[in-house]
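**Student:** need a structure here:
(one chain, ligands or ions: 1)
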Amino acid sequence: MLIAIFGDIHGNIEALKTAYDAVIPLKADKIYHLGDLGGYAPFVNEVVDFLIEHKIEGVQGNYDFNVANDSEHCGCKYEDPLQAEYAQKSFEWTKLHTSEKSKEYMRKLPAEISFATNGKKVQLFHATPHKNNLYWYEERPDKFFLEMAEKTDADLMIYGHTHKPYRKDIQGKIFINAGSVGKPKDGDPRTCVAIINIMDKEIKTEFLRLTYDIEKVVQAIRESELPAYFADKLKEAR
Ligand SMILES: [Fe+2]
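**Tutor:** Coordinates of the predicted model:
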């Protein structure tokens, strides 16, 4: 089974379109998204409409839950007070500009998607099993990975939230962070899509990195009331 994974899209319709166009020729059996559909870039409703139109199923991110339920905070982590201030502005902007239809879609997203294929149990979630706002970085010790694995019976876990892609294989379990379609933070501003081929004896992973019309999104951020800070960060991929 060949699957394509769209992590953290964050209102970036241009990156999403490019990612989708790249996946179609691969004839994937299924495309999934990992939630966090709005924030930081202005095209939250366009992203939701695109996912609905192309029947791309997915899970609920912390941003989706908090936008859809009109929370006071997005449930994100900040590195400094300036980032906290801008992130709060982005969250308020997104709550205000997300349509009721999009909020309804976000509200109904499941916390996880599980299935079995070729003898492997697969689970998708936004951040970790049972907790959608914990940052699961590659640098975490193996002990943390194995503790997370104990919370599910999956052999293959697929998630996002940190916006940094990686794969780790530990004691027969496979951990794949799909990175971020719309807001990479690994220093590479190109969109990121995880392509996972689940076969009988082997699971292959590839992270596609694709250039897209980033300038169009940068300009749209600057023209909106979102902080221009996020236009800079998009280009820096930080
Ligand atoms: Fe995110």
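**Student:** chain center to stretch 54-73: distance?
**Tutor:** Distance of stretch 54-73 from the chain centroid (CA atoms, centre = their mean, to the nearest Å) equals 11 Å.
**Student:** Could I get the buried residue list for it?
**Tutor:** 56, 58-68 (16 or more other CB atoms under 10 Å). Glycine gets a C-beta too; all of them are placed from N, C-alpha and C.
**Student:** Phi, psi for the residue lying closest to Gly35 once chain neighbours are set aside please.
**Tutor:** Closest residue to Gly35 apart from its sequence neighbours, by CB to CB, 6 or more residues apart in numbering: Gly61 at 2.8 Å. For Gly61, the backbone dihedrals (degrees, to the nearest 10) come out as phi -90, psi 170.
**Student:** for this structure, what's the longest helix?
**Tutor:** Determined from DSSP state H, the single longest helix within the chain is helix 81-97.
**Student:** For Ile5, give its distance to the ion.
**Tutor:** To the ion, Ile5 is 14 Å away according to CB to the ion, to the nearest Å.
**Student:** Per-residue pLDDT of that residue, please?
**Tutor:** Per-residue pLDDT puts Ile5 at 98.
**Student:** residue contacts, it?
**Tutor:** Contacts for Ile5 (CB atoms under 8 Å, 6 or more residues apart in numbering) come out as 31-34, 124, 158, 160, 176, 178, 193-196.
**Student:** about what we covered before: can the longest helix of the chain be said to contact the ion?
**Tutor:** No. Against the ion, helix 81-97 shows no contacts by CB under 5 Å from the ion, the least distance being 10.8 Å.
**Student:** Buried residues, the helix or strand just after that helix. List them.
**Tutor:** Using DSSP states H and E, the helix or strand that follows helix 81-97 in sequence is helix 100-108. If you call a residue buried by 16+ other CB under 10 Å, then helix 100-108 has these buried ones: 102-103, 105-106.
**Student:** which ones among those residues come in contact with the ion?
**Tutor:** Counting by CB under 5 Å from the ion, no member of the buried residues of helix 100-108 reaches the ion.
**Student:** Make CSV from the residues you listed and add pLDDT and distance to Glu236 to it.
**Tutor:** What follows is those, written out as CSV (pLDDT from 0 to 100; distance: CB to CB, whole Å):
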residue, pLDDT, distance to Glu236
Ser102, 98, 28
Lys103, 98, 30
Tyr105, 98, 30
Met106, 98, 28
